[in-house]
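S.K.: Mind folding the following:
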Amino acid sequence: MRANPILLQKKYARVVSLLVERAGLSYEQALDVFYHSVTYDLMRNGISDMHCMSDGYLVQDLLDEMHEASEKNNL
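M.R.: Residues are numbered from 1 along each chain as shown. This next block holds a predicted model:
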């Protein structure tokens, strides 16, 4: 399912703002994390209706991705 592009852009902004708050990142860092994430790819491509998930759920998904990436880099 494809979301309305304007609503999707607003969703992205809310998710990035919440990621800044919860992860203590700068907006630049949060944007980098978001736009290079699997979560963003799923939302952008309309897969699994990820855009319908709550902002908090999506941020937790991003935090999990960040944690997995840092564990991978520490190996």
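S.K.: Look at residue 48 and say how many residues are nearby.
M.R.: Neighbourhood size, residue 48 [other C-beta atoms under 10 Å]: 11. Quick note: C-beta positions are derived from backbone N, CA and C, even for glycine.
S.K.: Show me the shaky parts of this protein.
M.R.: Flagging of the chain using pLDDT under 70 yields the residue ranges 1.
S.K.: where does the most centrally placed residue in it fall, phi/psi-wise?
M.R.: Averaging the C-alpha coordinates of the chain gives a centre point, and the residue nearest to it by C-alpha atoms, centre = their mean is residue 34 (4.4 Å). Main-chain torsions, residue 34, degrees, to the nearest 10: phi -60, psi -50.
S.K.: ok, it touching residue 14?
M.R.: No - the pair residue 34 and residue 14 fails to qualify as a contact (C-beta atoms under 8 Å) at a distance of 11.1 Å.
S.K.: Now do the contacts for residue 19.
M.R.: The contact partners of residue 19, taken as C-beta atoms under 8 Å, 6 or more residues apart in numbering, are 25, 30, 33, 34, 59, 62, 63.
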